[in-house]
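> here's a sequence, model it:
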Amino acid sequence: MDAKKQELLHYLEGFITENRKEGFLRVLQNRTKHFTIAMEDIFQLHNTSAVMRSCEVFGIQELNVIEQKFGKRIDTEIAMGAQKWVDVFRYNSVQSCMDEMRAKGYQIIATTPHDESCLLHEFDISKPAALFFGTERDGLSQEVLDQADGFLKIPMVGYTESLNISVSAAIIIQDISTRLRQSAINWQLTEEEILEKRLDWTRKTIKDIEFIERKYLENQD
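Next comes the predicted model:
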């Protein structure tokens, strides 16, 4: 690992409590990039924020937001601080997001109640996957459906055909993340990724971090 980053982290951790430091380590041991979530043009702002909160609660480190139609900021009240602990990547188009997901080694999984979708409990968790969620009214775009590597749906036995997007995401994220942690799959963050997040989270916790870090760097010269 990067020795300079480790030294900086050790210095900055002197400005936070031992409980906070231990909390970061504990949470990061349960974080994963094996799965990532992508949301396509979600109109209702609170739904995007609620999905972010589900990612944080169940250990999904990265959330991808496609803002091709609706430019929206994260609703911090709904996210309940989750935006501090989840990495959010924004895309101007569906295609650019899918291209980036494939470049990172993810298969594209479209969540939809239609077609010959795989049922949630039968979904193969062994392969890294980017799970795409669509708009509240229209679902995923044809662009995603045409290029998806697979389809996934939640089993339903009632008259209602679909669930609210944030509810669907929470159910799916909870199921796959729980199964992942119970598996023998190498799903955890790497040591380097954990170091990066410890630095990031420690910086976000310290008041006057820019001044403190500047003084540290000056003393290194």
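
> use CA for all of it now, contacts and neighbours both
Noted.

> ranges for the helices of the protein?
The residue ranges that make up the helices of the chain, judged by DSSP state H, are 3-12, 18-28, 45-58, 76-79, 94-103, 142-147, 165-181, 191-205, 209-220.

> tally of neighbours for residue 105?
The local packing of residue 105 (other Cα atoms under 10 Å) involves 13 other residues.

> check residue 143 too.
That count, for residue 143 with other Cα under 10 Å as the rule, works out to 11.

> might you report the residue contacts of it?
Contacts here follow Cα atoms under 8 Å, 6 or more residues apart in numbering; on that basis residue 143 touches 94-95.

> do residue 9 as well
Shown in contact with residue 9 (Cα under 8 Å, 6+ apart): 198-199, 202.

> comparing the helices of the chain, which gets the lowest mean pLDDT score?
The stretch with the lowest average pLDDT out of these is helix 76-79, scoring a mean of 51.

> how many other residues sit next to residue 189?
By other Cα under 10 Å, the burial measure for residue 189, its neighbour count, is 18.

> isn't it right up against residue 29?
Yes. With the criterion set as Cα atoms under 8 Å, residue 189 and residue 29 qualify as a contacting pair; they are 7.5 Å apart.

> rebuild the helices of the chain as a markdown table, extending it with distance to residue 114.
As requested, those are exported to a markdown table (distance: least, Cα to Cα, whole Å):
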| stretch | distance to residue 114 |
| --- | --- |
| helix 3-12 | 48 |
| helix 18-28 | 36 |
| helix 45-58 | 21 |
| helix 76-79 | 29 |
| helix 94-103 | 20 |
| helix 142-147 | 11 |
| helix 165-181 | 14 |
| helix 191-205 | 37 |
| helix 209-220 | 49 |
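
> out of those helices, which is closest to residue 156?
The closest approach between residue 156 and any of the helices of the chain, judged by Cα to Cα, belongs to helix 165-181 at 11.2 Å.

> go through the helices of the chain and pick out the most buried.
When neighbours are counted by mean count of other Cα atoms under 10 Å, the highest per-stretch mean among the helices of the chain falls to helix 45-58, a mean of 22.

> dump the C-alpha coordinates for that helix into PDB.
This file holds the C-alpha atoms of helix 45-58, laid out as PDB (Å, rounded to 0.1, in the frame of the first residue of the first chain):
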ATOM      1  CA  LEU A  45     -35.900  13.000  -6.000                       C
ATOM      2  CA  HIS A  46     -36.700  11.300  -2.800                       C
ATOM      3  CA  ASN A  47     -36.500   7.900  -4.600                       C
ATOM      4  CA  THR A  48     -32.900   8.500  -5.600                       C
ATOM      5  CA  SER A  49     -32.000   9.500  -2.000                       C
ATOM      6  CA  ALA A  50     -33.800   6.500  -0.600                       C
ATOM      7  CA  VAL A  51     -31.900   4.100  -2.800                       C
ATOM      8  CA  MET A  52     -28.700   5.800  -1.800                       C
ATOM      9  CA  ARG A  53     -29.700   5.200   1.800                       C
ATOM     10  CA  SER A  54     -30.300   1.500   1.100                       C
ATOM     11  CA  CYS A  55     -26.900   1.200  -0.600                       C
ATOM     12  CA  GLU A  56     -25.300   2.600   2.500                       C
ATOM     13  CA  VAL A  57     -27.200   0.500   5.000                       C
ATOM     14  CA  PHE A  58     -26.600  -2.800   3.100                       C
END
